[in-house]
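In: Let's see this in three dimensions:
(one chain, ligands or ions: 1)
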Amino acid sequence: MGAQQVAERFAELYGAEPEGVWAAPGRVNLIGEHTDYNDGFVMPFALPHQALAAVSRRADGLLRLHSADVEGGIVERRLDDLAPQSDESWTAYPAGVVWALREAGHAITGADVHLSSTVPTGAGLSSSAALEVVIALALDDLYGLGLRRWKLARLCQRAENVYVGAPTGIMDQTASACCEQGHALFLDTRDLSQQQIPFDLAAEGLRLLVVDTRVEHAHSGGEYGKRRAGCEKGAALLGVDALRDVPHAGLDAALARLGDDEEVVRLVRHVVTEDHRVERVVGLLRSGETRAIGPVLTEGHASLRDDFRISCPELDLVVDTALAAGALGARMTGGGFGGSAIVLAEATDVDNLSKAVEEAFAAAGYTAPRVFEAVPSAGARRLR
Ligand code: GAF
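Out: The predicted structure follows:
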C-alpha cells in the first residue's frame, strides 16, 4: 500500500485528508546480536518493508487509531488515560509513543492515525519498532518538536520498555529512524554515535536473503529478559558498567574470574565475541572484503545457538542447509526464539539455496518459510 492509498483510507475513516503521511522501515541486523543492552555495537540495515502512517492532529485530548492490518474499527483512547502496561493489543505501540512524548514534556493534544504496514510481524524484523518510529516522526513533524532522530529512537524505546513492557535495547528503533539507503548502520549503543557503512551487495554480485521461519517470537516473554538479566549479572560480577567494557583481548581472564557460573560464562562469552565480530565485519567491509564477512556471520550464529541459546531447530536448519548448499555465511537475526535468518550468497547461487531451504523445511514437516532478498533501504521519512 502506498502513501496515496493510506491517505485515501484515512479520509474515508476520519472524514478529512490527513495532514501528512510518514514511513518507517523494519530492519535486519547484519551482525551484533544482544549487544545493544550491553552498551555494545550493532550493524542493522533497513528493509524495504515499512509501516506507513497517515496522521492529523486533534486538540481535544483524544487519540484515535486504526490499522489496515488488524480486524476491527477505530480504537479511541483519552490521552490522560494512557498508562504503562494497560494495553496488550497492537495499539500499545503507537499509544506508548504518545505516552512517552507527553511524559517527556511534549504538549501533544491528540491525533487521528491510520496505519498500514508491510513489515512481517513476529518475524524478528522489527515490525513494532517501525510502528513506534512512524508515529514518533509524524508527531514530531506535526507538533514541531524538532527532536533529533536518536532522541526519537530513545523515546520509542521507552514506549516499548515501559508502556508495552518489553525490556528491549535501542537497536531496532535507531535502525528504523536512522538507516540510509545502500548502507548498513554501524551503531555504538553506548552513546548512539553512528557511521553509515556503504553496503551494496548487488554491485559485487552478492545477495542477502532473509528466511522468515514463521516461528513467531515475542520479547515481552521471559526468555529475552532472562538473557538481559544474566548479562547484567555478568557485568556486576566483573565490576564493569556493561559487558561492552570487557575487552576481547581480556576475555579469557574475565571468564576465569567468573568461576563456575556456567550460564553467565556463556552469556559473557557471546556478548564479548559478538562485539568483536561487529568490529571485524566493519573492518572487512571497509577494506572491500565483503565475501569474507560470511564466516563471521556463521560464527555469530554458532555463538547465539551454543552460548546465548536463543536459536531454534528451524533457524538452525536454515543455516545448516544454506551453508551445505554453498552460502558464504548464514545466521539468525534479531531477538531469537524463532523469527528470521539471513543468508549471504553469490547472486548465482540464490535460486538453488532458496530451493534447498524450502525442501529441507518440507522434509522436516515445518511450515513453508518466507524467503526474500533484503536490499538496504531508506530509514524513516515523510512521504507527503
Ligand atoms: C530485539 C530487541 F528489540 C533489540 O533491542 C535487540 O536486543 C535484538 O533483539 C537482539 O540483538 O530485536
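In: same question for the helix ranked longest in the chain, mean pLDDT?
Out: If you go by DSSP state H, the chain has its longest helix at helix 262-286. Averaging pLDDT along helix 262-286 yields 98.
In: Please identify the helix or strand for the spatially closest residue to M1 that is not a sequence neighbour.
Out: Leaving aside its chain neighbours, M1 sits nearest to S116 (4.7 Å; criterion: C-beta to C-beta, 6 or more residues apart in numbering). Using the backbone N, CA and C atoms, a C-beta is placed for each residue, glycine as well. Per DSSP states H and E, S116 falls inside strand 111-117.
In: what's in contact with that strand?
Out: 1, 5-6, 9-10, 13-14, 18, 49-58, 63-69, 94, 98, 127, 130-131, 134-135, 138-139, 142 (C-beta atoms under 8 Å, 6 or more residues apart in numbering).
In: do that again at 7 Å, thanks
Out: Strand 111-117 is contacted by residues 1, 6, 9-10, 13-14, 51-58, 63-69, 94, 127, 130-131, 135, 139 when judged by C-beta atoms under 7 Å, 6 or more residues apart in numbering.
In: partner residues bridging the residue nearest to M1?
Out: L52 (DSSP bridges).
In: change the start of the numbering to 22 and stick with it
Out: Sure, I'll start counting at 22 from here, so that last one is S137.
In: Take the contacts of strand 132-138 and keep only those in strands.
Out: A72, L73, A74, A75, V76, S77, R78, L84, R85, L86, H87, S88 (DSSP state E).
In: Now, of those, which are buried?
Out: Among the ones in strands among the contacts of strand 132-138, those scoring as buried are A72, L73, A74, A75, V76, S77, L84, R85, L86, H87, S88 (criterion: 16 or more other C-beta atoms under 10 Å).
In: out of those, which one sits closest to the ligand?
Out: Nearest to the ligand among those: A72, at 15.5 Å, using C-beta to the nearest ligand atom.
In: Next up, phi/psi of L325, please.
Out: Here is the backbone geometry of L325 (degrees, to the nearest 10): phi -70, psi -30.
In: Which pLDDT value does the model give it?
Out: In this model, L325 carries a pLDDT of 98.
In: May I ask you to confirm that it is in contact with M353?
Out: Yes - using C-beta atoms under 7 Å, L325 is in contact with M353, at 5.8 Å.
In: ok so, going back, nearest to T342 among the ones in strands among the contacts of strand 132-138?
Out: Checking these against T342 by C-beta to C-beta gives A72 as the nearest, at 31.2 Å.
In: How about the contacts made by that closest one?
Out: Counted by C-beta under 7 Å, 6+ apart, A72 has contacts A45, L136, S138, V140, A151, L152, V155.
In: I'd like the distance between it and L264.
Out: 32 Å (C-beta to C-beta, to the nearest Å).
In: buried stuff in the strand holding S137?
Out: Within strand 132-138, the residues scored as buried using 16+ other C-beta under 10 Å are A132, D133, V134, H135, L136, S137, S138.
In: Filter the contacts of A72 down to just the ones in helices.
Out: A151, L152, V155.
In: can the residues you listed go into TSV with extra columns for neighbour count, distance to G246 and pLDDT?
Out: Listed next are the ones in helices among the contacts of A72 as TSV, based on neighbours: other C-beta atoms under 10 Å; distance: C-beta to C-beta, whole Å; pLDDT from 0 to 100:
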residue	neighbour count	distance to G246	pLDDT
A151	34	22	98
L152	31	21	98
V155	31	26	99
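In: contact partners of the helix or strand where L336 lies?
Out: Taking DSSP H and E as the criterion, L336 maps to helix 334-345. Residues outside helix 334-345 that contact it (C-beta under 7 Å, 6+ apart): 232, 234, 236, 319, 322, 326, 351-353, 362, 364, 374, 377-378, 381-382, 385, 387.
In: Ok, stretch 153-160 next?
Out: So stretch 153-160 is contacted by 41, 43-45, 72-74, 76, 114-115, 118, 122, 129, 132, 134, 173, 176-177, 180-181, 194, 197-198, 401 (C-beta under 7 Å, 6+ apart).
In: The same query, at a cut-off of 6 Å, please.
Out: The contact list for stretch 153-160 (C-beta atoms under 6 Å, 6 or more residues apart in numbering) reads 43, 45, 72, 74, 76, 114-115, 118, 129, 173, 176-177, 180, 194, 197-198, 401.
In: List the buried residues for stretch 52-70?
Out: 52-70.
In: Those also near the ligand: which ones?
Out: When contact is defined as C-beta under 6 Å from any ligand atom, the buried residues of stretch 52-70 meet the ligand at E54, H55, D57, Y58.
In: Mind pulling up the pLDDT for the third one?
Out: This means D57. So, for D57, pLDDT stands at 98.
In: Report the mean confidence score over the strand holding S137.
Out: Throughout strand 132-138, pLDDT has a mean value of 98.
In: Around the ligand, which positions in the stretch 22-171 of the chain sit nearby?
Out: Counting by C-beta under 6 Å from any ligand atom, the stretch 22-171 of the chain sits next to the ligand at N50, E54, H55, D57, Y58.
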